[in-house]
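Engineer: what shape does this take:
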Amino acid sequence: MADAPIGIFDSGYGGLTVARAVLDQLPHESIAYFGDTARAPYGPRPIAQTREFALECLDRLVDHGVKVLVIACNTASAAVLHDARERYDVPVVEVIRPAVRRAAAATRNHRVGVISTRGTHQSGAYVDAFAAAPHLSVSSVPCPRFVEFVESGVTSGSEVIATAREYLAPLVEGEVDTLVLGCTHYPLLTGAISYVMGESVTLVSSADETAKDVYRVLADTDALRPPDLPPPSHGFTTTGDAAEFTRLARRFLGPEVGADGDGVFGDAVVRTVVAAAGAGPRGGAR
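Structural biologist: Numbering: from 1, shown residues only. Sure thing, here's the model as predicted:
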């Protein structure tokens with residue numbers, strides 16, 4: 001079991017920031033990544049459809065033999081976490097609560113901001129998660145264009161800064177001192193976000209905090225991969241175009257993806273599968 005891969009799922013590419021954080025914090029672990037890029041983004045979709053698509057993708061990772069599931073998508077985490085924990089025999093880690101815990105510990109003035117996709121914002125998932133800390137004032141703002149910027153390779157410049165100023169104005173005016181990056185794409189915009197918010201504001205990356213949770217889960221279940229085993233291997237599966245996935249994966253993970261040589265991802269396999277509708281009943285519960 002310790003030699004099994006960590007399964008990471010996202011509706012698209014943002015979860016690759018979680019994969020990067022997992023590899024940085026757990027360098028001996030193998031990763032199996034599943035990106036449902038053909039049906040991304042999940043944010044504008046009805047919750048029932050998001051749940052259906054997410055469970056289908058998670059089923060594939062479980063069938064691959066992963067030892068832990070990471071739902072590296074805020075929208076999917078909000079829609080499917082409870083069902084996934086009931087459905088599978090392996091631990092399920094998500095991206096919302098790890099970031100909430102870190103933000104609650106980091107804030108000094110008890111004013112916390114959350115930025116996310118429109119779907120995550122409308123779900124109220126972050127506000128609900130912060131309910132355990134009623135002493136905090138939490139402001140949530142949707143930032144839909146941020147994902148478009150990242151996936152088009154635009155992470156700085158005047159347009160990004162102008163858009164960030166527009167989105168973040170209520171949080172600046174509200175004097176939040178801690179800001180949760182509630183979408184796994186957003187760490188790639190840290191420079192612009194920090195510039196607009198000010199250096200005194202603490203930015204909390206859901207990717208980094210989720211990787212810490214993965215480490216804790218594996219350590220608690222004695223499932224960490226021993227460092228004396230052969231080097232880990234990584235596989236990436238997409239429901240979209242493999243070449244496009246590789247191009248964007250290089251932006252998130254570095255130029256080693258899909259390349260020859262000694263890079264971490266040099267031997268990684270990027271393949272395409274066809275998305276199938278429906279996710280029926282499945283045995284097993286956790």
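Engineer: quick check: residue 229 is in a helix.
Structural biologist: No: looking at residue 229 with DSSP: H, G, I helix; E, B strand; the rest coil, it is coil, so not inside a helix.
Engineer: contact partners for the residue nearest in space to the middle of the chain?
Structural biologist: Central residue of the chain (Cα atoms, centre = their mean): residue 72, 3.0 Å from the mean position. By Cβ atoms under 8 Å, 6 or more residues apart in numbering, residue 72 lies in contact with 8, 9, 10, 14, 15, 17, 18, 19, 95, 184, 207, 210. For glycine as for every other residue, the C-beta is placed from the backbone atoms N, C-alpha and C.
Engineer: could you give me the average pLDDT of stretch 71-87?
Structural biologist: Average pLDDT, stretch 71-87: 93.
Engineer: can you mark which positions in it are buried?
Structural biologist: For stretch 71-87, a neighbour-count test (16 or more other Cβ atoms under 10 Å) marks 71-81, 83-84, 87 as buried.
Engineer: mind listing which of those residues are in strands?
Structural biologist: Of the positions in the buried residues of stretch 71-87, residue 71 sit in strands, assigned by DSSP state E.
Engineer: point out the ones among the buried residues of stretch 71-87 that are inside helices.
Structural biologist: 74, 75, 76, 77, 78, 79, 80, 81, 83, 84, 87 (DSSP state H).
Engineer: using JSON lines, please lay out those residues together with distance to residue 173.
Structural biologist: Shown next, in JSON lines, are those (distance: Cβ to Cβ, whole Å):
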{"residue": "74", "distance to residue 173": "24"}
{"residue": "75", "distance to residue 173": "27"}
{"residue": "76", "distance to residue 173": "31"}
{"residue": "77", "distance to residue 173": "29"}
{"residue": "78", "distance to residue 173": "27"}
{"residue": "79", "distance to residue 173": "31"}
{"residue": "80", "distance to residue 173": "34"}
{"residue": "81", "distance to residue 173": "32"}
{"residue": "83", "distance to residue 173": "38"}
{"residue": "84", "distance to residue 173": "38"}
{"residue": "87", "distance to residue 173": "43"}
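Engineer: from the residues you listed, pick the one nearest residue 177.
Structural biologist: residue 74 (21.8 Å; Cβ to Cβ).
Engineer: could I get the phi/psi values of the residue in the chain sticking out farthest from the centre?
Structural biologist: Computed with Cα atoms, centre = their mean, the residue of the chain farthest from its C-alpha average is residue 228, at 28.9 Å. Residue 228 adopts backbone torsions of phi -90, psi 0, taken as degrees, to the nearest 10.
Engineer: and if you look at residue 31?
Structural biologist: Per degrees, to the nearest 10, the backbone of residue 31 is at phi -130, psi 140.
Engineer: and the residue nearest to it when sequence neighbours are not counted, how far is that from residue 30?
Structural biologist: Leaving out its chain neighbours, the residue that sits closest to residue 31 by Cβ to Cβ, 6 or more residues apart in numbering is residue 234, at 4.6 Å. Per Cβ to Cβ, to the nearest Å, residue 234 is found 6 Å from residue 30.
Engineer: the residue nearest to residue 31 and residue 22 touch, don't they?
Structural biologist: No: counting by Cβ atoms under 8 Å, residue 234 does not reach residue 22; the two are 10.3 Å apart.
Engineer: so between those two, which is more surrounded?
Structural biologist: Between residue 234 and residue 22, counted using other Cβ atoms under 10 Å, the more crowded position is residue 22 (25 against 22).
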